[in-house]
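> What follows is a predicted structure for the sequence shown.
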Amino acid sequence: MTEALFQSLLNELFQGDDKGMRSRLQPLTAAQRKALFGEFSPLLKVLRRACCYQPDARPVRLACLYQAIRQDPAGFLRDQAATLALPGTLNNPHTVQYHSYDMLMGLFSRLQLLHVGLAAKSRVLSAFQPHAADPVRTGHFLLHAGRILLDRPELWVQQSFIRLSDEFPHWMRSPSGDLGAAQLMQEALQRHPDWISVLASGMGRMMRQDGFLNRTLDRYDAALILAGLDYEPPAQQASSEPLMDPEIIPSLLRRMTDGSLLRSDLIALTLSKLNQPLRPSSIKCWINLFGRLALTDAEFQRHAEAFTALMTAPTAAAGKLAFSIVEAHFLRNPDRAAERVAALGHALQNRLQSIAKEAWRLLKKQLRALPDLHKPVVPAVITGLNSPHAGLRGELLRWLGALPLHHSDEFDEKVRRQLHELAVSLPAAELGPIAHLLVDDPEAAVVSTVAEFIDQRAALHAQITNLRRRTEPHSGAALFQRRLAFLDGCLANAPGGFLETTVPDHSAALTPPDNVCCESAEALALDLARTQRRIFTWADYDRLFAGMLRFADAAQSSPIQAILAPLMKRLAFWQKPLADGVPPGWAQAGELPALLLAQVWRERHITRFAVGSRGEQLLNLHFSLPLQRRLRQVLKLLAAGQNILLSLPTHAAGWLKPVVFAERLARLPPALLDSEELGAALYRLPALPEQRAVAWTMLAPWLESCDENDLHGEALRLALAPEDQVGPVLTRFLARFERKPPTEPLFYLTTDFLSGERVGIPPIERFKADHDAPANVAFRLFNAALRGRFGLSDAGIARRSPRLMRKLRKLTAHLDQPIKALPDAPRHRAAESGSGFAPLAELLFAPAPVTEALVKSLRPVWSSSLGCDTAYPFLWPYLLAHPHQFAMPDQVAELAYRFPPLAQRLFEAGLCRRALKGDYYRDLTQALLAQGRSSLVDIRPMLNRVAQGLLSTHPAQRQSCVDSWIHWLGDGRVTPQETAAVLGDLIRDTELGFSLLTQALTELGATGEVGKATALLALEQAISSVAGFPPRKQSLALDRLAALLDETGRVVADPMARQALEQLAATPKKSVARDKANALIARPATAPQLPLAVLAVAALAIR
């Protein structure tokens, strides 16, 4: 019996079709299927292998293959499979002469159908998962295979079908189009109605897949249709809204009319979808469906709660629809009135001004319709004071302030406390209308004159007092105290008030350590296992190296061995030789560092990749020699049982506390002290004299055993010794290098070390150097010690040792080679630059600020397409400053992490890239400019250069400049007055691109009260020169000024600006600018105005 079944299925496999395969499998019992799968299993593997595409395979006729199998299946597997069923024998470029691709598709699909019908539970779903070399399956394969799965008698079919419904979009090679998914789900529900609860998660997915391609919807029941409409695919999956098809809504209404789709269910789904964050095109379709449903008055009342919630919908279109419905059907209905008022209060905070203003209009209309609602309306209005729209906040404040005394009972203790808490976060200039509500005795305040309770000085004074009380635990903050002192002086009318700026320093290293390391051995192992394909940063390596040392013994435990075992298998893959001479992909090789780290931790040795192996060609691209040397040092520490990683920072920003450094060094055996680790640690030491003095005292016993010939001791003396002891040490270092100068070039062509040289320069003779030569190691450590002492300042080496400078300039001579390879004209231009390479050696000891002039003078270094690299991190900014230089944006943060003061030069490099033409890599420029937010960067000398970013044609760069400026105002590195002066000059001087500047000013005002006050102060200063502006510029500047005055409720206060506006308004020639100037000077002043600088500082203090 089994033999007959085997032959019938084999015949169907080669000569039948999908439906025939199902009909033969359907009557089989579970035992028969198990027995047949045992017979077919080796044959299925062989045939699947033969169907995989191989370009160089020898073709075989399909008929010959079938004949060989049919006659003797066992003999075929034993004797002929190795010749007739090799990989690709049925699928290669030459098989077209024997059989069509459609025949191959049919055979492969039936092969998978047979697998679905016979395989065990653990293997049945593998038939749905394609591989790159597999042939394409036939149409509706999912439907046929799913039917065969449902036909099976086993109890586990339900579990497998649930997984299929969840995973099929990831398994289908072409997940779009008509796969028969919805029809399969419908048949499953018809066969097993009790499955509906467990299939609920997959119903919408399968219906959305292709169910709506049947536009009449006559194949599906109501539950499946509603599930498909309700399902929202993930953002990464392309899918269109079914309602966009003009035939779907009529089909839904037709199903609703004939009773097969309940009207109440469709209405409830529609209201639910309208309250979701859908795309504008989708929400438009659902609003169209809502209109076509034409709800009755009874239905509106039945769904009153849903319409109330819809007023705070995440989309503007749905919110406007809800407002119109509430206005038409619910305003006079006292039921749920308090809930409507609360919802309108939240809608007042909507980021879209049109929605917020419509909510305010509706709230006032609701109060007129039901006057007894004052008590819930007042808290709703106070909630609305969180609105980002200054004009609306002004209306709300005036409404609150105008409430008559007989409504004072609305302000109970809870409401009054809510108002006080919100008032602290509002600008003092806006609090005038409610000043009487912020005092303890409202009636006494009302009796006083109007000028008294709207006086901004009183409101500001109350605000400052409240701030002092609320922030008492943080009263030691120097910046906060400076701002309060400035405000106190302004309120006391003290002349000449001046707000000091924050001076950049290394005080961040005084904060408690915050560098996070692996908490357990399991966390370290999982960190390695889960990040195989991620590019590690320098901070990642620090964390992983420290974890390997800390949990050295745990690597031999069973749980850790189990976690790391798959990594060891992957490492064996990279050790194998290349089969076809083509290495694996570059991205795939990103796992190599994690594999090597896991091996060192687990096995205490490092794999050496043989020449010609898969890993040999790609290792250095992902794991540079400096990091390989660090890994070897970690291996030495593991072998010695030490867990001290000398350069591990104490702070996430990269700082290493000098005291912690001294403690580690004192505990580390001298034989295990590594020059590279010591140099990396010296780069991280902050310029904190007291802590350095303590560290020097702690290291004194250690240094007593180091004579003048000890490289490590000399480097420590140079970095940490008192000033009077540095001179002799520096002299000895310079004498050493004059005798044995370094041979390592300052800049390397291309980007990776390989045996001490750079590769990838076939047309140019390579500059060879031993990277690990003692002179080169000593010179790198010497430079780390210099930067550890001098930071970015000039170390004076050029003055002390001209002879050494001459020798170092020779290390840049190899850079002439790419110049010689250039065409004649570019080569002559580079030669005309004179000694363009000489500054490279000088920058080594005097890392000067990065300027456009310096970058242009160094242009011959990287004028060719070849990249550059350097072993000295503080020289990187001079490479990155050129707009044609490429680097990964993450590298910028890594450089600042390795040498925190370098953020200054990196920021300067970003300014140069933005200023020079031809910036091809804007992400890199953005990363460089982001370093300006570091508290170490002194931005005041560069404010004019920074301000040019507000004229950028790229919105992201312009917004980044605005955000950075707000950040600097917040941390006190610039004051509102300084910012306004720089922006005022920029407004006066800008002609071309002034519209971009007005957009930047708008973005600055949108950041909050600080931005508004600063932008308005800058405009008032610039408007004093408005008469000299071109007409278009006049109009744009006056429009922005008027908008800011509207938002802040102010009038032009600067005398010179007001005089310029009056002169412009008095010009006899009619113009748009004249009318706008007239409107500006005609604005009434409702109250005395505090200076804008005072308001900006008050807003900063609140933040």
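Alright, I've got the coordinates.

> and W286, what does it touch?
L243, T270, K273, L274, L278 (C-beta atoms under 8 Å, 6 or more residues apart in numbering). Bear in mind the C-beta positions are built from the backbone N, C-alpha and C, glycine included.

> wouldn't the second one be in contact with L293 here?
Yes. Applying C-beta atoms under 8 Å, one finds T270 in contact with L293, separated by 6.7 Å.

> And the two? Which one has more around it.
Applying other C-beta atoms under 10 Å to T270 and L293 shows that T270 carries more neighbours, namely 22 against 17.

> tally of neighbours for the nearest residue to that one once chain neighbours are set aside?
In this structure, T270 finds its nearest non-sequential neighbour in F290, 5.2 Å apart by C-beta to C-beta, 6 or more residues apart in numbering. Residues contacting F290 under the criterion other C-beta under 10 Å number 19.

> Then the one 5 residues further on?
Applying the criterion other C-beta under 10 Å, we find 19 residues in the vicinity of L295.

> how much space between the closest residue to it other than its chain neighbours and S281?
The shortest distance from L295 to any non-neighbouring residue, by C-beta to C-beta, 6+ apart, is to I267 (6.8 Å). Distance, I267 to S281, by C-beta to C-beta, to the nearest Å: 22 Å.

> Could you check which of those two is surrounded by more residues?
Each of I267 and S281 has its neighbours counted (other C-beta under 10 Å); I267 has more, 19 against 11.

> Mind telling me what element the more buried one is part of?
helix 263-274 (DSSP states H and E).

> so the residue nearest to L295 sits right up against E299, yeah?
Yes. Assessed by C-beta under 8 Å, I267 is found in contact with E299 at 6.5 Å.

> where does the stretch 801-950 of the chain dip in pLDDT?
810-838, 859-869 (pLDDT under 70).

> residue ranges for the strands of it, please.
Along the stretch 801-950 of the chain, the stretches classed as strands by DSSP state E, counting those that start in this stretch are 868-869.

> give me the number of residues near Y683?
Y683, neighbours per other C-beta under 10 Å, totals 22.

> Spit out the contact partners of it.
By C-beta under 8 Å, 6+ apart, the residues touching Y683 are A784, R787, G788, P873, R898, F899.

> how far away is the residue nearest to the first one when sequence neighbours are not counted from L781?
Once flanking residues are discounted, A784 sits nearest to G679: 3.5 Å by C-beta to C-beta, 6+ apart. With distances defined as C-beta to C-beta, the gap from G679 to L781 amounts to 5 Å.

> okay, and the common contacts of those two?
Joint contacts of G679 and L781 (C-beta under 8 Å, 6+ apart) are A715.

> and stretch 300-314, which residues are buried?
Residues F300, H303, A304, A306, F307, T308, A309, L310, M311, T312, A313 are the ones in stretch 300-314 that count as buried (16 or more other C-beta atoms under 10 Å).

> er, stretch 208-225 actually
Under 16+ other C-beta under 10 Å, the buried positions of stretch 208-225 are R208, Q209, D210, G211, F212, L217, Y220, A222, A223, L224, I225.

> Same question for stretch 654-673.
So, applying 16+ other C-beta under 10 Å, buried residues of stretch 654-673: 654-662, 664-665, 668, 673.

> Helices of the stretch 351-500 of the chain, residue ranges please.
For the stretch 351-500 of the chain, the helices defined by DSSP state H, counting those that start in this stretch occupy 353-369, 374-384, 390-401, 413-424, 442-447, 450-453, 456-470, 478-491.

> Show residues contacting the first one.
Here helix 353-369 makes contact (C-beta under 8 Å, 6+ apart) with 311, 316, 319-320, 323, 326-327, 331-332, 337, 340-341, 344-345, 347-350, 373-374, 377, 380-381, 384, 387, 389, 391-392, 395-396.

> Next, the angle helix 390-401 makes with that helix.
20 degrees (axes from the mean of the first three to the mean of the last three C-alpha atoms, to 10 degrees).

> show me the contacts for the closest residue to L262 other than its chain neighbours.
Closest residue in space to L262, ignoring its immediate chain neighbours: A222 at 6.6 Å, by C-beta to C-beta, 6+ apart. A222 makes contacts with R255, S260, L261, L262, D265, as judged by C-beta under 8 Å, 6+ apart.

> just E327 next, same as before
L362, K365 are the contacts of E327 under C-beta under 8 Å, 6+ apart.

> just checking, next helix/strand downstream of the helix or strand hosting it?
Assigned by DSSP H and E, E327 belongs to helix 316-329. Note on helix 316-329: by DSSP H and E, the next helix or strand toward the C-terminus is helix 337-347.

> contacts for that next one?
305, 308-309, 311-312, 319, 326, 330, 355-356, 358-359, 362-363, 366, 370, 373, 376-377, 379-381, 383-384.

> With only the CA atoms kept, save it in PDB.
Extracted C-alpha coordinates of helix 337-347, given in PDB (Å, rounded to 0.1, in the frame of the first residue of the first chain):
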ATOM      1  CA  ALA A 337     -21.100  68.300  29.800                       C
ATOM      2  CA  ALA A 338     -18.200  68.200  32.200                       C
ATOM      3  CA  GLU A 339     -16.400  65.600  30.100                       C
ATOM      4  CA  ARG A 340     -16.900  67.800  27.000                       C
ATOM      5  CA  VAL A 341     -15.400  70.800  28.800                       C
ATOM      6  CA  ALA A 342     -12.400  68.800  30.000                       C
ATOM      7  CA  ALA A 343     -11.800  67.500  26.400                       C
ATOM      8  CA  LEU A 344     -11.900  71.000  25.000                       C
ATOM      9  CA  GLY A 345      -9.400  72.100  27.700                       C
ATOM     10  CA  HIS A 346      -7.000  69.500  26.400                       C
ATOM     11  CA  ALA A 347      -7.700  70.500  22.900                       C
END
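
> what is the mean pLDDT for that helix?
Computed over helix 337-347, the mean pLDDT rounds to 92.

> Could you list the buried residues of that helix?
For helix 337-347, using 16+ other C-beta under 10 Å, the buried residues are A337, R340, V341, A342, A343, L344, G345, A347.

> can you pull the buried residues of whatever helix or strand Q183 lives in?
Assigned by DSSP H and E, Q183 falls within helix 181-191. For helix 181-191, a neighbour-count test (16+ other C-beta under 10 Å) marks A181, A182, Q183, L184, M185, Q186, E187, A188, L189 as buried.

> Which of those sits closest to E603?
A181 (48.2 Å; C-beta to C-beta).

> Tell me who's in contact with that closest one.
L142, L143, F168, R205, M206, M207, Q209, D210, G211.

> again with I966
Counted by C-beta under 8 Å, 6+ apart, I966 has contacts L1004, T1007, G1008, V1010, G1011.

> same deal with N776?
N776 neighbours (C-beta under 8 Å, 6+ apart): P742, T743, E744, A769, D770.

> repeat for T501
R940, G972, R973, V974, T975, E978.

> State whether it is indeed within a strand.
No. Assigned with DSSP: H, G, I helix; E, B strand; the rest coil, T501 falls outside any strand and is coil.

> Could you measure from it over to A294?
Per C-beta to C-beta, T501 is found 65 Å from A294.

> Give me the subset of the buried residues of stretch 300-314 that lies in helices.
F300, A304, A306, F307, T308, A309, L310 (DSSP state H).

> I'd like those laid out as CSV, including pLDDT and distance to G949.
Shown next, in CSV, are these (pLDDT from 0 to 100; distance: C-beta to C-beta, whole Å):
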residue, pLDDT, distance to G949
F300, 93, 53
A304, 92, 51
A306, 94, 47
F307, 93, 46
T308, 93, 46
A309, 93, 43
L310, 94, 42
